[in-house]
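Peer 1: give me a model of this one.
(4 chains)
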Number of protein chains: 4
Amino acid sequence: MSNLDNIFRDLVIANRILAKEEVVDAYGHVSIRRPDNPNHFLIARSLAPDLVTADDIVELDLDGQPVRNEKRTLYLERFIHAAIFEARPEVMAVVHAHAEDTLPFGIADATRLQPVIHSGSFIGSEVPVWDIADNFGDTNLLVTNLEQARDLAKCLGGNNVALMRGHGFAAAGRSLIEVVRMSVYLPRNARALLRAKQLGGRIKYLSRGEIDARNRGYSPYSTETWRAWEYWANKAGVGDLLTRPEA
Amino acid sequence: MSNLDNIFRDLVIANRILAKEEVVDAYGHVSIRRPDNPNHFLIARSLAPDLVTADDIVELDLDGQPVRNEKRTLYLERFIHAAIFEARPEVMAVVHAHAEDTLPFGIADATRLQPVIHSGSFIGSEVPVWDIADNFGDTNLLVTNLEQARDLAKCLGGNNVALMRGHGFAAAGRSLIEVVRMSVYLPRNARALLRAKQLGGRIKYLSRGEIDARNRGYSPYSTETWRAWEYWANKAGVGDLLTRPEA
Amino acid sequence: MSNLDNIFRDLVIANRILAKEEVVDAYGHVSIRRPDNPNHFLIARSLAPDLVTADDIVELDLDGQPVRNEKRTLYLERFIHAAIFEARPEVMAVVHAHAEDTLPFGIADATRLQPVIHSGSFIGSEVPVWDIADNFGDTNLLVTNLEQARDLAKCLGGNNVALMRGHGFAAAGRSLIEVVRMSVYLPRNARALLRAKQLGGRIKYLSRGEIDARNRGYSPYSTETWRAWEYWANKAGVGDLLTRPEA
Amino acid sequence: MSNLDNIFRDLVIANRILAKEEVVDAYGHVSIRRPDNPNHFLIARSLAPDLVTADDIVELDLDGQPVRNEKRTLYLERFIHAAIFEARPEVMAVVHAHAEDTLPFGIADATRLQPVIHSGSFIGSEVPVWDIADNFGDTNLLVTNLEQARDLAKCLGGNNVALMRGHGFAAAGRSLIEVVRMSVYLPRNARALLRAKQLGGRIKYLSRGEIDARNRGYSPYSTETWRAWEYWANKAGVGDLLTRPEA
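Peer 2: Take a look at the predicted model:
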């Protein structure tokens, strides 16, 4: 990931994977912070992720404003990315999406979303639920300015994922590959937990120690991590865009 | 959408999207009112939506009768469209479909379908359930004449969606794009609510104020709305038919 | 359907539709009685329905034995078809399958499968559950001889569908198109009922009068019925095999 | 299966089927013991099963170590296969996977996974749940050494399938075809049982006698067994790799 071309390619791949894996539909977006300029990040213009190409990527600053003269319409909710990058210097990539099976956990208040499967461990032991109505009253539920986005980022805190009531989730990762993976397995973890509850009895959640052990072992370019990225990219029809840095 | 050719194309797109998104299968239909003649509307002849082309579109009046000499068989339930267009001058497009996950809410009486997710807001705060048996006794459940259709339209009232017990739903929108979008997100909202109830506890529905706020912001040709239409059309294989009016 | 070639084509279409609509996987089969010889019926040799071509169709008698010298392996459970054709002279086509969402209703004893949606009406008001263990003790659950098959046919009685505990279902129709349609909508009706029960409260089943009204209106070559057959055939990639008799 | 070429082809087919049937995604693996050298087994290098070709297959010994000089990265969890082959001389093939619908049964403790459908019978009457935490405390849940793998194999005992808490399952079969089939029908059996419980009332599980009767009738190259293998291979796009031994 030594040059900008590869970052653009990776961001296209990320968009296509999230569409193919049904994390996003026409809505939802993914961004990556510029490694060489942490005050800027890259994200598509307002376009369905499945249709995104390198030409659709724009560069924004941490106020969510375009760095260059830009006539194309931008995502209304780009502030989510800006505010999370602002609040969390170690975060390199952000996803906001409405993946269907995460929604019930933001709507019903009896069950907290927590990791129950090893692939879900990266969502972390705390997944706060942010309700835009708490501080902003009756809105259209979209995060359309920095003030709202900073409130969401505050709720997210040091965690990896925040659910957004009646809307979706925001996820923050140390790399693009990590945040995409987290976004794919988040709904799977949600389904596993929902169904476990239907079976009844005591639920065995991952322990804090297990979550920490998995997190310690994570590396974005390990063979194991790459295996999924490569698989998903091929499944989404963009295997030809893959570039893997030297070990 | 300045000329009839574009309306025909849009109606083909709408048919294909509804099929691809599994809102309809061989059954279900979508119509659009003629902007230049509000007493006429356009709808396919009796054909599965996924197979509809421009040549399959017929023009009907508000009695559900063809305007021109027409030898081809028409949808038995075209009266649903006629009666809603008759009762609601502001409605420009109608969908009738059997989308699977809307059905349980017309069958079980303990849970009222209401918006729980922002994309479901357009169904509105009231989704009445119409039971054909209430006024027509034992039928084959199909709405096959104007009298039945007007009864359904009366139940729908000023709302956007009415569920039809043991059958499906009817949705009315201010534009074709709006009614298609509503029809796609209606089953998603239904699934989110069903699963939220399985998780248990209190359900946070969208407030009336949130529903109103979203509705106020709606515009059929905004970038945000177009984004979904463009995505779904491409996914359904009819991206080449897209035409977007000048802003 | 005036000649045998068309019957063969229709049977290929039926096989492909059932596979595409996930009523069958590698297992499950569909047969049609010879209109010109009611003591014979046509069915594929032992082959996954999705792979069946006209050359794979064999002719069996009501003992389930091949009419001509046949070296190819036959379905072990062909006796299901033989026994139903034997017991029910008006039945022209039979499906046996394991469609996943019908299975729970044969396993749990608290909820009887009944029509709750109009497209499910053709399963009829009574759907008996046959348990092979009742009369045959511990078996491999397969219906591998006439005695077992006749016991199943007896349980089916004059109904359209019998569930088979821990195994699947058998459906009998007055035409191939009818039995395929019934087999596609049977699991959908099952899902709608299961989810309605999850929503809770009173369930509104189709009334006996509604089921009768729908049944009276049924015709295998009406435009409405053909619409689904044509759609499913195209979806399954065998639209080119369609032949429609003159009205 | 008289020569090694055919075994390689079969193993490629197995990988592709498991991916297409969603038993595995980027993770999960399948192995086959060398018939001519029971102390060695064949398995892919660390690669998503959907991308595996014959060139990706490596040969390991019962310590999970490569027999030849191998520079490519191996599956971290290859020890699962080694330990099961070591403990169970009659086992010829092993699958480890995370099929989503098996997960709830390893997480919730109120419902034991047992066969409820005939195609699920091969999982056997006992499906133990192995929890890595019982003997190894807080880990990343992966089975990354022989000690852990032998503990899993001990829990599996003489059974065909063990669930792994919060992780997935391990399945052992007398042939590759058998273990693939078992892995495809295991999640289906899980779904049928989950939904039967949702319907309520008494659950009719397969009896021990029924499970035994089905097991006695099993043969890897019978027409019935081959039918599914042939179907799944074609569906996965590798029908051209099929080779069937002479009867």
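Peer 1: where's A:Thr144 relative to B:Gly209, distance?
Peer 2: 16 Å (Cβ to Cβ, to the nearest Å). Where C-beta positions appear, they are placed from N, C-alpha and C, glycine not excepted.
Peer 1: and the two? Which one has more around it.
Peer 2: A:Thr144 (18 against 13; other Cβ atoms under 10 Å in any protein chain shown).
Peer 1: touching, the more buried one and A:Phe79? I think so.
Peer 2: Yes: using Cβ atoms under 8 Å, A:Thr144 is in contact with A:Phe79, at 6.9 Å.
Peer 1: residues from chain A in reach of chain B?
Peer 2: Residues of chain A lying near chain B by Cβ under 8 Å from any Cβ of the partner chain: A:25-27, A:46-48, A:50-51, A:73, A:76, A:98, A:100-101, A:103-111, A:131, A:133, A:137-142, A:165-167, A:194, A:197-198.
Peer 1: list, out of those, those positioned next to chain D.
Peer 2: A:197-198.
Peer 1: the nearest residue to A:Val129 once chain neighbours are set aside bridge partners, please.
Peer 2: With sequence-adjacent residues excluded and distances taken as Cβ to Cβ, 6 or more residues apart in numbering or on different chains, A:Val129 is closest to A:Leu163, at 4.5 Å. For A:Leu163, the beta-bridge partners are A:Val129, A:Phe169 (DSSP bridges).
Peer 1: got a list of what A:Leu163 touches?
Peer 2: For A:Leu163, the contact set (Cβ atoms under 8 Å, 6 or more residues apart in numbering or on different chains) comprises A:102, A:105-106, A:113, A:127-130, A:169.
Peer 1: weed out the non-buried ones from those residues.
Peer 2: Buried members of the contacts of A:Leu163, scored by 16 or more other Cβ atoms under 10 Å in any protein chain shown, are A:102, A:105-106, A:113, A:127, A:129-130, A:169.
Peer 1: just the closest of the residues you listed to A:Tyr218, please.
Peer 2: A:Val127 (17.6 Å; Cβ to Cβ).
Peer 1: list phi and psi for A:Asn39.
Peer 2: phi -90, psi 0 (degrees, to the nearest 10).
Peer 1: can you report how many residues lie near it?
Peer 2: For A:Asn39, using other Cβ under 10 Å, the count is 13.
Peer 1: any regions of chain A where pLDDT drops low?
Peer 2: Applying pLDDT under 70 to chain A picks out residues A:1-2, A:245-247.
Peer 1: can you show me the strands along it?
Peer 2: Assigned by DSSP state E, chain A shows strands spanning A:29-34, A:37-44, A:57-61, A:93-97, A:129-130, A:161-164, A:168-173.
Peer 1: I'd like those as JSON lines, with distance to B:Ile32 appended.
Peer 2: Output for the strands of chain A, formatted as JSON lines (distance: least, Cβ to Cβ, whole Å):
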{"stretch": "strand A:29-34", "distance to B:Ile32": "31"}
{"stretch": "strand A:37-44", "distance to B:Ile32": "31"}
{"stretch": "strand A:57-61", "distance to B:Ile32": "35"}
{"stretch": "strand A:93-97", "distance to B:Ile32": "31"}
{"stretch": "strand A:129-130", "distance to B:Ile32": "39"}
{"stretch": "strand A:161-164", "distance to B:Ile32": "34"}
{"stretch": "strand A:168-173", "distance to B:Ile32": "31"}
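Peer 1: sorry, back to before: buried subset of the residues of chain A next to chain B as a PyMOL selection?
Peer 2: Per 16+ other Cβ under 10 Å, the buried members of those correspond to this PyMOL selection:
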select buried, chain A and resi 25+26+27+46+47+48+50+51+76+98+100+101+103+104+105+106+107+108+109+111+131+133+138+139+140+141+142+165+166+167+194+197+198
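Peer 1: just checking, A:Pro66 touches A:Leu60?
Peer 2: Yes: counting by Cβ under 8 Å, A:Leu60 is a contact partner of A:Pro66 at 5.7 Å.
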